[in-house]
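# prediction below, plus the sequence it came from.
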Amino acid sequence: MVVYKFGGASVSSAENIRNVSNIIQEFEGDDLVVVVSAMGKTTNALEILLDTVRKGESADKLILKLKKDHQEIVRQLFSEGFEMQRLTHLLEALENNLSKYKNEPYDLHYDQVVSFGELISTTIFSEYLNHIGTVNQLIDARKIIRTDSTFREGVIDWKTTEELVKQTLTSNNITITQGFIGGTATKLTTTLGREGS
């Protein structure tokens, strides 16, 4: 099995996503896991968004910009009028988590919000690969990277993670997943620290 990791700059624009897709196409038929980071400066933008909400200030403009930035990349990658339902659902879930965890400890709230950068980028990337005929499976890293509940610095349970990976990853396939994030046994999202991929 070959594992590739592409950082935020690698998927920061439609052009860059096409370039990465060309690399992936060379490995069709192989066991390939592609780990993708949040696009460009999305993690920083999500941190600012989180802090704005925690201060009790309006984050409407920040949310709108985040949506527009990602929707513009989608517009450039797909045909006119293409709607990505999974992206819409993720953006709705992000807004929900911003308010749902507002009164929880900062680190817990951080992980439930900032993790969306990776979830959004992998969704767009996986969908684009399928769009151009490169069949892949999108795996949510939170379901296979098991951590404790040390939010923002999740400690990986390697034994459980290894079992989950073996159960989930299939042979002769391209798998797209996220870096930086994992999940607890109680299904809360954790992050592994900046550069934790």
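Cool, got the structure.
# where in this structure is pLDDT low?
172, 194-197 (pLDDT under 70).
# all helices of it, in order?
14-25, 42-54, 60-77, 85-100, 106-114, 116-131, 158-168 (DSSP state H).
# show me the one of these that comes nearest residue 192.
helix 106-114 (9.7 Å; CB to CB). Every residue, glycine included, has its C-beta placed from N, CA and C.
# mind giving me CSV with the helices of the chain and columns for mean neighbour count and distance to residue 152?
As requested, the helices of the chain are exported to CSV (neighbours: other CB atoms under 10 Å; distance: least, CB to CB, whole Å):
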stretch, mean neighbour count, distance to residue 152
helix 14-25, 15, 28
helix 42-54, 18, 11
helix 60-77, 16, 20
helix 85-100, 15, 15
helix 106-114, 21, 5
helix 116-131, 23, 14
helix 158-168, 13, 18
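# for residue 36, which of those is the nearest?
helix 116-131 (4.9 Å).
# tilt between that closest one and helix 42-54?
140 degrees (axes from the mean of the first three to the mean of the last three CA atoms, to 10 degrees).
# on contacts alone, who are the packing partners of helix 116-131?
For helix 116-131, the packing partners by 3 or more CB pairs under 8 Å, 6 or more residues apart in numbering; DSSP states H and E come out as helix 14-25, strand 32-36, helix 42-54, helix 60-77, helix 85-100, strand 137-138, strand 174-178.
# how about these in TSV, adding distance to residue 157?
Putting the helices and strands packed on helix 116-131 into TSV (distance: least, CB to CB, whole Å) gives the following:
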stretch	distance to residue 157
helix 14-25	29
strand 32-36	19
helix 42-54	24
helix 60-77	32
helix 85-100	23
strand 137-138	23
strand 174-178	17
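# nearest approach to residue 190 belongs to which of these?
Of those, nearest to residue 190 by CB to CB is strand 174-178, at 11.9 Å.
# what does stretch 40-51 rub up against?
Contacts to stretch 40-51, defined as CB atoms under 8 Å, 6 or more residues apart in numbering, come from residues 8-9, 11-13, 37-38, 59, 62-63, 65-66, 69, 98, 109-110, 113-114, 116-117, 120-121, 194.
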